[in-house]
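Enquirer: Coordinates only, no sequence provided:
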């Protein structure tokens, strides 16, 4: 009588099972990272003081499958600039589709109402000529600005951001540990 399941066969079965489990786990991790949530490291000071250079953020990628971005959301997106399309930018949503906005004397107005911006770095930021300082946001687009208005390449320069370019919402700062914080805005 031949004995099945010799030591080599059992070892091979275990190795195959472990490799299969590792591949499934890697596949699931890739799917989650690509479509559900991710992490990003901020480069630059355009969102200071809210988010600073080298902060590590948790990015919710699934929220905008369920609803559109809202005014005040901090979003990660690909800019509508051809030569920078592969980069990620981080900015705050200031106006939504069909909103009318205007920037005057360092203040931002949406649909005629001044928005309360207790998060901006310089209350009196440099008010200079921009490519876009007033208008109506087209369908499927948002108008975004950095919190550090004097040091931000945003919709004032490159125009509206297609909602489809938004990768996710920055929900939480994870690093540095002493500054862990959920991002919320009162409007």
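Expert: Perfect, thanks for sending it. Only a predicted model underlies this, so the values are computations on that prediction, with no experimental measurement involved.
Enquirer: so how far is the helix ranked longest in the chain off the chain centroid?
Expert: Ranked by residue count under DSSP state H, the longest helix found in the chain is helix 7-35. Taking the mean of its C-alpha atoms, helix 7-35 sits 32 Å from the chain's own mean (Cα atoms, centre = their mean, to the nearest Å).
Enquirer: Please apply the same query to stretch 137-150.
Expert: Distance, centroid of stretch 137-150 to centroid of chain: 13 Å (Cα atoms, centre = their mean).
Enquirer: same deal with stretch 49-58?
Expert: With Cα atoms, centre = their mean, you get 11 Å for stretch 49-58.
Enquirer: How about residues contacting it?
Expert: 37, 39-45, 74, 76, 90, 92, 119, 121, 147-148, 170-176, 179, 183 (Cβ atoms under 8 Å, 6 or more residues apart in numbering). In this view, the C-beta of every residue, glycine as well, is placed from N, C-alpha and C.
Enquirer: moving C-terminal of the longest helix of the chain, what's the next helix or strand?
Expert: strand 37-41 (DSSP states H and E).
Enquirer: Which positions in stretch 157-173 come out as buried?
Expert: 158-161, 163, 165-173 (16 or more other Cβ atoms under 10 Å).
Enquirer: any low-confidence regions in the protein?
Expert: 1-6, 32, 34-36, 83-85, 121-132, 185-187 (pLDDT under 70).
Enquirer: just to revisit the earlier point, the longest helix of the chain vs strand 37-41, what angle?
Expert: Relative orientation of helix 7-35 versus strand 37-41 (axes from the mean of the first three to the mean of the last three Cα atoms, to 10 degrees): 70 degrees.
Enquirer: Any idea what the residue nearest the centre of the chain is bridged to?
Expert: Taking Cα atoms, centre = their mean, the centroid of the chain lies closest to residue 76, which sits 2.0 Å from it. Note on residue 76: beta-bridge partners by DSSP bridges are residue 90, residue 168.
Enquirer: That one reaches residue 166, doesn't it?
Expert: Yes - using Cβ atoms under 8 Å as the test, residue 76 is close enough to residue 166 to be in contact (7.2 Å).
Enquirer: For residue 18, give its distance to residue 30.
Expert: Applying Cβ to Cβ, to the nearest Å, the value for residue 18 to residue 30 is 19 Å.
Enquirer: swap in residue 38?
Expert: Counting by Cβ to Cβ - residue 38 and residue 30 are separated by 11 Å.
Enquirer: quick one, which of these two is more surrounded?
Expert: Between residue 38 and residue 30, counted using other Cβ atoms under 10 Å, residue 38 has the larger neighbour count: 16 against 10.
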